[in-house]
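Q: based on what follows, work out the 3D shape:
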Amino acid sequence: MDLAVLIYEATATFPKHELYGLTSQTRRAAASIPANIAEGQGRRSKPEFSQFLGNARGSLLELDTHLELALRLNYLTTSQHERIHRQVAEVGRIINGLIRSLNSAL
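A: This is a model prediction of the structure:
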C-alpha cells in the first residue's frame, strides 16, 4: 500500500496530457499489486494464493517499466526514481519470498 501511495503522489506531477496514458497505467499497475495480494490471501488454497502473488509480481514489473519510461521522459527526477525504485525492489523481495514459501509448502 505504501508503494501505491508513493506512486499516486509521484504521478500527480505528470503532465496533464498523460492523465489517460502513462499516469493512469502507472497508477493502475501500482494499485493492482496490493489488490492481487489481498485477493490471493482471501482464496482458500495455497496454489491460488501463489497465482495471485504471481499476478502481483507481474504488475510490479509493469510498474517498474512505466517508471523507467517516466524517468526517460523527465516526468520523474533521478532522485524520485531512485526512491521509488528502492520501494519497488523491497516489494519484489517480499512477493518473491511469499511465493517461495508457498511453493515449498505445496
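
Q: so how far is residue 12 from the residue nearest the centre of the chain?
A: In the chain, the C-alpha nearest the mean C-alpha coordinate belongs to residue 60, at 3.3 Å (C-alpha atoms, centre = their mean). Residue 60 sits at a distance of 21 Å from residue 12 (criterion: C-beta to C-beta, to the nearest Å). Backbone N, C-alpha and C define where each C-beta goes, glycine included.

Q: give the residue spans of the chain that score low on pLDDT.
A: 106 (pLDDT under 70).

Q: that one: helices as residue ranges?
A: For the chain, the helices defined by DSSP state H occupy 2-11, 22-41, 46-72, 78-105.

Q: name the helices or strands packed onto the last one?
A: Here helix 78-105 touches helix 2-11, helix 46-72, going by 3 or more C-beta pairs under 8 Å, 6 or more residues apart in numbering; DSSP states H and E.

Q: nearest to residue 28, out of those helices?
A: Closest to residue 28 of those is helix 46-72 (C-beta to C-beta; 8.4 Å).

Q: list the buried residues of the closest one.
A: The neighbour-count check on helix 46-72 (16 or more other C-beta atoms under 10 Å) flags 49-53, 55-57, 59-60, 62-64, 66-67, 70-71 as buried.

Q: what does stretch 28-43 give?
A: Quick answer for stretch 28-43 (16+ other C-beta under 10 Å): 29-37, 40.

Q: how about the helices and strands packed on helix 78-105, which one is nearest residue 80?
A: Taking C-beta to C-beta, helix 2-11 is the member of these nearest to residue 80, at 5.8 Å.

Q: roughly how far apart are residue 71 and residue 85?
A: 9 Å.

Q: how about residue 27?
A: According to C-beta to C-beta, residue 27 and residue 85 sit 17 Å apart.

Q: OK, contacts around residue 103?
A: residue 50 (C-beta atoms under 8 Å, 6 or more residues apart in numbering).

Q: quickly note the distance from it to residue 50.
A: 6 Å.

Q: kindly report the same for residue 64.
A: Distance, residue 64 to residue 50, by C-beta to C-beta: 21 Å.

Q: before I go, just wanted to say thanks for your time.
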